[in-house]
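S.K.: got a sequence here, can you model it:
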Amino acid sequence: MNDPRSIRKKHDRTTRAAVWVARLVVCAVFLVNVDCAAGFLTSPELYAPGFELSGIEGRMAVQGLGVAFLMWNATYPFVIMNPCCQMTLFFVVLVQQFIGLIGESFLLWSLPAGHESIASTITRFIQFDALGLVLMAAAFALLMFTQRDEVVTG
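M.R.: The predicted structure follows:
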């Protein structure tokens, strides 16, 4: 017969592992996003050509994207600190990621031919956001599963 204490220890280890997986995945996406924001803010002239922009307009547009990236990522540190207690916020992060992916996909789809530089830039955003969404959704599901499992067996 299974000892309830050994079952509890197994669930505790599984939950701790799920928490760390969630932390690492969300942290990885957060760090890449903040790195991108920092680049946009500090060196906009490097990124403006990817949006077919130049001059003061290009600098302001790219720096504005950097600010938007930082705003978008304001929720991530709370999820990283305690994913179990921030499941609603974790879900909001997933919704934000999904909205970004859908919006970027629409932008790419609606872009007229002849704008390969912009298409390439948007495609990189789509690829990263899709990967981030899949990984974070998997971590969220794992966390949900381990928490549900604890409620059922606890």
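S.K.: tell me the helix or strand right after the worst-scoring helix or strand of the chain on mean pLDDT.
M.R.: Every helix and strand in the chain was compared by mean pLDDT, DSSP states H and E; the lowest is helix 4-42, with a mean of 86. Using DSSP states H and E, the helix or strand that follows helix 4-42 towards the C-terminus is helix 44-47.
S.K.: list the contacts of that next one.
M.R.: The contact list for helix 44-47 (CB atoms under 8 Å, 6 or more residues apart in numbering) reads Gly39, Phe40, Gly58, Arg59, Met60, Ala61, Val62, Gln63, Gly66. Bear in mind the C-beta positions are built from the backbone N, C-alpha and C, glycine included.
S.K.: quick check: the farthest pair among these?
M.R.: Gly39 and Met60 (15.5 Å; CB to CB).
S.K.: can you pull out the strands in the protein?
M.R.: Ranges of strands within the chain: none, based on DSSP state E.
S.K.: what's the burial count for Ala28?
M.R.: 15 (other CB atoms under 10 Å).
S.K.: what distance do you get for it to Gly64?
M.R.: 25 Å (CB to CB, to the nearest Å).
S.K.: then Phe128?
M.R.: Phe128 is 19 Å from Gly64, by CB to CB.
S.K.: who's more crowded, those two?
M.R.: Shown here are Phe128 and Gly64; by other CB under 10 Å, Phe128 has more neighbours (18 against 13).
S.K.: confidence score at the more buried one?
M.R.: You'll see Phe128 listed with a pLDDT of 96.
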